[in-house]
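[1] Below is the structure, and that's it, no one-letter string:
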RNA sequence: GCGCUCGUAGCUCAACUGGAUAGAGCGCCAGAUUUCGGCUCUGGAGGUUCAGGGUUCAACUCCUUGCGGGCGCGCCA
């Protein structure tokens, strides 16, 4: 349920009636007429732009048209207290108090599904996120994208869509070869006391490789480490497995679990790359040609040569992209195209990729391939998560560029916890850099939005505790003839905006609206709470240690919204703090 | 050089599909608080939304030019 949608429906009916009577001309697209939340100062509940949109077509001034329409609106609805017209031509509707009583009772009755967009068609989504190279633990940079992907999935699930969360494992190619070699040298270091070749910059120096080496030795799956060539394949598989375990543990520590891991190696092994290249060739998207050297830096070493190219320029890319290396093996891009063909074959309605900001340049070419493969029927939606700037003691906390030395996701979670990590990472729009201030995040104050929201929930719980009621149990509503005060209606109005918040977050895949919304709701609640200091009638529990039904319902509705919002974010709502 | 992206109060950021007099928090100033729960609340000051041009009844939002920051521009993944 969504009071804005409901009003919109009523309004459109009125408009259609008037147009049938030929009193009004309507535009072909009636959806430009919107219902909105009026700014606070107008002291009304819903507003609409209808008069401004229709004024030109009907050759009337917006104000006159607004006056004319507001009479029809008022006449039509006994729950409307008054309808007023404001300057450029807005129509503002204010409901009677009983409207809000009815409203909150409906919210309570639908508490489980409140906020879900009922009218939206249910679709299936594949969300690919993280997909970090399986060569070591995740760092802070990965973390933001990971949480973004997870919460976008939660949002879609909340709206009853089908979602598969997927991780693409890049376990093929040079980086993996170097990684495997690194593990190999560590093993020789342990078994034969040989020193690790620190001067080789292709190798991974991190200490975690030593643990991987130890685990592989312990597992006894390979018995003889003397000849690298002989064991490199098996060792590679084991090494990837080990580092994937580290990554999965990292993800679990922030509450993330993927449904599916797809191996690049497997895609290559199944000849999926050949097949997809063949298919593209058949549809004339592949050709042999030369590609220009990049405009940047020194192009001295650039050797122009004839190579297999994908025509991504046909879909707006800067240049066509190479599919095959000179040694005959496939480029990363080629196998990724095959992977996306694989996704398409699984028949999802929508494909979503979450990428780091360093991959923005990659979006055009990969979405081009999806266009080419699906005949532009399926769009690949790419969301980019920008950098995270860590701040400690008011200073940027530099991620050292020194090899193998970066702040890991594990470090972050150990420092501030899962809830704070998730909440703060989502607090900003994903396409803006984010300051992650360690000092605020662990503070128990308003400076810490997580704490502030959780605290409001805990306060509500304390009321329930004091009257010996369980906050989870369902409320039985006997009478509903009470009315709420203006201070309470302020909060009810905020609650009525919740479905709108969810709708926008889902449509734009921008979950950052949710922490903002919850903060605002919490703020209103804390204000209300403080009113109890002066006015005993604003306190929840009266002198006889009882609570009235209206207050009980009121609290329950607030806590429900906070809880379901926090659930989408993936942060907890402790009953005591 | 080219592509993508961001630019809003001193600072960190909101602002719905293009809506009204652009909102919060921090910091600053002034107050409240013997409470259901303790960094909670109330008020004040603070703006040419980077700059110019355009579209529109209406532009922070869309188009365009310029400026500034970030990212990317390999047969790396």
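    Nice, thanks for sending it over. Everything quoted here is computed from the prediction, not taken from an experiment.
[2] Show me which helix runs longest in chain A.
    In chain A, with assignment by DSSP state H, the single longest helix is helix A:228-253.
[3] How many neighbouring residues does residue A:108 have?
    Residues lying near residue A:108 (other C-beta atoms under 10 Å) number 18. Yep, even glycine has a C-beta here, placed from its N, CA and C like the rest.
[4] before we move on, which element is it in?
    Residue A:108 belongs to helix A:97-109 when elements are defined using DSSP states H and E.
[5] quick check, distance from the longest helix of chain A to the centre of its chain.
    Centre-to-centre, helix A:228-253 and its host chain are 28 Å apart (C-alpha atoms, centre = their mean, to the nearest Å).
[6] what lines up beside the following helix or strand past that helix in the sheet?
    Downstream of helix A:228-253, the next assigned helix or strand under DSSP H and E is strand A:260-263. In the sheet, strand A:260-263 lines up against strand A:162-169 (parallel) (DSSP bridges).
[7] buried sites along stretch A:109-124?
    A:111, A:114-117 (16 or more other C-beta atoms under 10 Å).
[8] oh sorry, the question was meant for stretch A:91-98
    A:91-95, A:97-98.
[9] can you check stretch A:466-476 too?
    Quick answer for stretch A:466-476 (16+ other C-beta under 10 Å): A:471, A:475.
[10] Say whether RNA strand B is contacted by that stretch.
    Yes - Stretch A:466-476 reaches RNA strand B (C-beta under 7 Å from any atom of the strand) through residue A:466.
[11] who touches that stretch?
    Residues outside stretch A:466-476 that contact it (C-beta atoms under 8 Å, 6 or more residues apart in numbering): A:108, A:460-461, A:464, A:541, A:545-547, A:552-553, A:556, A:559, A:575.
[12] tell me the mean pLDDT for it?
    Model confidence over stretch A:466-476, given as mean pLDDT, is 81.
[13] next one: that stretch to chain centre, how far?
    The answer for stretch A:466-476 is 32 Å, by C-alpha atoms, centre = their mean.
[14] Quick check: end-to-end length of that stretch?
    Across stretch A:466-476, the terminal residues are separated by 19 Å (C-alpha to C-alpha, to the nearest Å).
[15] mind listing the helices for the stretch 251-400 of chain A?
    Assigned by DSSP state H, counting those that start in this stretch, the stretch 251-400 of chain A shows helices spanning A:264-269, A:272-282, A:332-345, A:360-374.
[16] now do the stretch 101-250 of chain A
    Assigned by DSSP H, counting those that start in this stretch, the helices in the stretch 101-250 of chain A fall at A:140-158, A:174-192, A:208-219, A:228-253.
[17] Can you say which of these is nearest to residue A:286?
    helix A:174-192 (23.4 Å; C-beta to C-beta).
[18] The closest one relative to helix A:208-219, how many degrees between them?
    Here helix A:174-192 runs at an angle of 60 degrees relative to helix A:208-219 (axes from the mean of the first three to the mean of the last three C-alpha atoms, to 10 degrees).
[19] any idea how far residue A:334 is from residue A:227?
    31 Å (C-beta to C-beta, to the nearest Å).
[20] hmm, I was thinking of residue A:479
    83 Å.
[21] Repeat that for residue A:180.
    When distance is defined by C-beta to C-beta, residue A:180 is 14 Å away from residue A:227.
[22] Repeat that for residue A:69.
    85 Å.
[23] now do residue A:242
    Counting by C-beta to C-beta, the gap from residue A:242 to residue A:227 is 21 Å.
[24] And these two? Which one has more around it.
    In this view residue A:242 and residue A:227 are compared by other C-beta under 10 Å, and residue A:242 has more residues nearby, 21 against 8.
[25] Could you report the neighbour count for the nearest residue to the more buried one once chain neighbours are set aside?
    Leaving aside its sequence neighbours, residue A:242 sits nearest to residue A:212 (C-beta to C-beta, 6 or more residues apart in numbering; 4.3 Å). Number of residues near residue A:212 (other C-beta under 10 Å) recorded here: 26.
[26] Show me chain A divided up by domain.
    A:3-95, A:124-166+A:260-385, A:174-253, A:449-569 (automatic domain parsing).
[27] quick one: the shortest one to chain centroid distance?
    Looking back up the chat, that one is domain A:174-253. For domain A:174-253, the distance to the chain centre is 34 Å (C-alpha atoms, centre = their mean).
[28] Can you tell me which helix or strand of chain A has the lowest average pLDDT?
    The weakest-scoring helix or strand in chain A, judged by mean pLDDT, DSSP states H and E, is strand A:395-396 (a mean of 68).
[29] Residue A:32 touches residue A:50, doesn't it?
    No - checked against C-beta atoms under 8 Å, the pair residue A:32 and residue A:50 is beyond contact range at 9.4 Å.
[30] Looking at these two, which has the bigger crowd around it?
    residue A:50 (27 against 12).
[31] How many residues are close by the nearest residue to residue A:187 once chain neighbours are set aside?
    Spatial nearest neighbour of residue A:187, chain neighbours left out: residue A:213 (4.6 Å); criterion: C-beta to C-beta, 6+ apart. Residue A:213: 25 surrounding residues under other C-beta under 10 Å.
[32] Could I get the contacting residues of residue A:213?
    Contact partners of residue A:213, counting by C-beta under 8 Å, 6+ apart, are A:183, A:186-187, A:189-190.
[33] where does residue A:31 land in three-state SS?
    When classified by DSSP: H, G, I helix; E, B strand; the rest coil, residue A:31 comes out as helix.
[34] Minimum distance to RNA strand B, which residue of the stretch 451-577 of chain A gives it?
    Of all residues in the stretch 451-577 of chain A, residue A:462 sits closest to RNA strand B, at 2.5 Å by C-beta to the nearest atom of the strand.
[35] Past the helix or strand harbouring that residue, which element shows up next along the chain?
    Remark: residue A:462 resides in helix A:449-466, with elements defined by DSSP H and E. As assigned by DSSP H and E, the chain's next helix or strand after helix A:449-466 is helix A:486-496.
[36] Residue A:507 versus the residue most central in space within chain A, what's the distance?
    Central residue of chain A (C-alpha atoms, centre = their mean): residue A:152, 3.2 Å from the mean position. Between residue A:152 and residue A:507 the computed distance is 12 Å (C-beta to C-beta).
[37] same thing with residue A:378?
    In terms of C-beta to C-beta, residue A:378 sits 18 Å off from residue A:507.
[38] Between those two, which is the more surrounded one?
    residue A:378 (19 against 12).
[39] pLDDT value on that one, please?
    At residue A:378, the pLDDT recorded in the model is 90.
[40] Now do stretch A:181-191, average pLDDT.
    95.
[41] Please work out which residues outside that stretch touch it.
    So stretch A:181-191 is in contact with A:194-197, A:202-205, A:209-210, A:212-214, A:216-217, A:225, A:228, A:232, A:235, A:239, A:242, going by C-beta under 8 Å, 6+ apart.
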